[in-house]
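A.B. asks: One predicted model, sequence on top.
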Amino acid sequence: MKTTIKGKVIHGAKLGRQLGFPTANIDASRLTSIEDGVYAARLKVKGNIYNAMANIGTRPSVDGNTRLVEVHLFGFRGNLYGRYVKINLLRKIRNEQRFASIDDLKAQLLKDATDCKGQ
């Protein structure tokens, strides 16, 4: 599987950074051909490529309404707001799901990050 998403990074709720997984967010309302879920990914920005973890969906544990692409870049520090980025989805890790608590979500994100780093 190799699917490419291009888009402009927009502001989100900033919950990812509170959980230790800051994300670059892209509007996903037009990405109807891509299945919701968590993906191992790579993101290209400013000529650099970063391994990443991406979630596509409505984030049912925290929002449930707005469909976004949220991408956490491993080893990246900086501000991407307003930049255009290119995301390559490499493989699906799991389906999007609702968690009973934010702590449960964070525990799953830690597992997902390990899976994604294995690319």
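C.D. replies: It's in.

A.B. asks: all helices for this structure, in order.
C.D. replies: 15-18, 102-117 (DSSP state H).

A.B. asks: and Ile5, which of those is closest to it?
C.D. replies: Proximity to Ile5, assessed across the helices of the chain by C-beta to C-beta, is greatest for helix 102-117 (15.7 Å). Every C-beta, even on glycine, is put in place using the N, C-alpha and C of the backbone.

A.B. asks: For the closest one, which outside residues touch it?
C.D. replies: 19-21, 38-41, 51-53, 61-62, 72, 74, 93-94, 99 (C-beta atoms under 8 Å, 6 or more residues apart in numbering).

A.B. asks: Buried ones among these?
C.D. replies: Buried members of the contacts of helix 102-117, scored by 16 or more other C-beta atoms under 10 Å, are 19, 21, 38-41, 51-53, 61, 72, 93.

A.B. asks: can you tell me which of those residues are in strands?
C.D. replies: The strands, defined by DSSP state E, take in 38-41, 51-53, 72, 93 from the buried ones among the contacts of helix 102-117.

A.B. asks: now the buried ones among the contacts of helix 102-117 in a markdown table, with pLDDT and distance to Gln108?
C.D. replies: Output for the buried ones among the contacts of helix 102-117, formatted as a markdown table (pLDDT from 0 to 100; distance: C-beta to C-beta, whole Å):
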| residue | pLDDT | distance to Gln108 |
| --- | --- | --- |
| Leu19 | 68 | 10 |
| Phe21 | 76 | 11 |
| Val38 | 95 | 9 |
| Tyr39 | 95 | 14 |
| Ala40 | 96 | 15 |
| Ala41 | 95 | 17 |
| Asn51 | 94 | 19 |
| Ala52 | 95 | 17 |
| Met53 | 95 | 11 |
| Ser61 | 79 | 9 |
| His72 | 92 | 13 |
| Ile93 | 94 | 10 |
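
A.B. asks: of all those residues, which two lie farthest apart?
C.D. replies: Checking those with C-beta to C-beta, the most distant pair is Asn51 and Ser61, at 24.0 Å.

A.B. asks: related to what we said a few turns ago, just curious, which of the ones in strands among the buried ones among the contacts of helix 102-117 is nearest to Ser29?
C.D. replies: Tyr39 (17.9 Å).
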